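Q: Take a look and give me a structure for this.
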Amino acid sequence: MNDMAKANVRDVKPDTKVVLALAWTALLGLYIYCDIYSLFRPGILESMTAGKMGPFDVSQAGLALAALLMILPILAAPASVLLPARAGRILSLVLAPLYFLVNIGNLLGESWIYYYLFGVLELALTAGIFLVALRWPTTRSRES
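A: Below is the predicted model of the structure:
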């Protein structure tokens, strides 16, 4: 056996900021793939070309709202690392419950299994983001 096989590998606890950034990034990957798979559902492309986004008519306001809905978690990933700890924590504590509710809303009336697979993972990630932010390590200052 070589020395590499015998070496003890030390496990290092990842920084909370990095954990949150990775979780937000993973959430975005799930959103993207779920939306891509949805394009293969019968009638979806026809509905899109007819100016429909799910049950809603496509409009400037509707697309701007949909863009904002995705911009927030996209920016939450780098913000989790770049913002001061307190601001990053607050961001995740506010956004995670919002997206938990969005994910529940997306599952209402859904009948496709792939959508539930993505949805359950999205719910787990948003709940995990909230819990990580809630349990963010703190330091207490001594008062003299």
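Q: So which residue is dead centre in the protein?
A: The centre of the chain sits closest to Leu27, judged by Cα atoms, centre = their mean, with a distance of 3.1 Å.
Q: which residues touch that one?
A: Leu27 sits next to Pro73, Tyr99, Glu122, Leu125, Thr126, Ile129 when contact means Cβ atoms under 8 Å, 6 or more residues apart in numbering. To be clear about C-beta, it is placed using only N, CA and C from the backbone, and glycine gets the same treatment.
Q: of all those residues, which comes closest to Tyr37?
A: Glu122 (13.4 Å; Cβ to Cβ).
Q: Give the other helices and strands that the helix or strand encompassing the closest one contacts.
A: Glu122 is located in helix 113-134, with elements delineated by DSSP states H and E. In this structure, helix 113-134 packs against helix 16-38, helix 85-107, with contacts taken as 3 or more Cβ pairs under 8 Å, 6 or more residues apart in numbering; DSSP states H and E.
Q: Next, the angle helix 16-38 makes with it.
A: 170 degrees (axes from the mean of the first three to the mean of the last three Cα atoms, to 10 degrees).
Q: Show me what stretch 125-142 is in contact with.
A: Identification of contacts with stretch 125-142 by Cβ under 8 Å, 6+ apart yields 16, 19-20, 23-24, 26-27, 30, 85, 88-89, 92-93, 95-97, 99-100, 103.
Q: got the CA positions of it in CSV?
A: Output of stretch 125-142 as CSV, limited to C-alpha atoms (Å, rounded to 0.1, in the frame of the first residue of the first chain):
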residue,chain,number,x,y,z
LEU,A,125,-33.4,22.7,0.1
THR,A,126,-35.4,25.8,1.0
ALA,A,127,-36.1,24.3,4.5
GLY,A,128,-32.4,23.4,4.8
ILE,A,129,-31.4,26.9,3.8
PHE,A,130,-33.7,28.3,6.5
LEU,A,131,-32.3,26.0,9.1
VAL,A,132,-28.7,26.6,8.3
ALA,A,133,-29.3,30.4,8.4
LEU,A,134,-31.3,30.0,11.7
ARG,A,135,-28.4,28.0,13.3
TRP,A,136,-25.7,30.3,12.0
PRO,A,137,-22.9,30.2,14.5
THR,A,138,-22.7,33.3,16.7
THR,A,139,-20.2,34.8,19.1
ARG,A,140,-21.2,36.6,22.2
SER,A,141,-19.2,39.6,23.3
ARG,A,142,-18.3,40.0,26.9
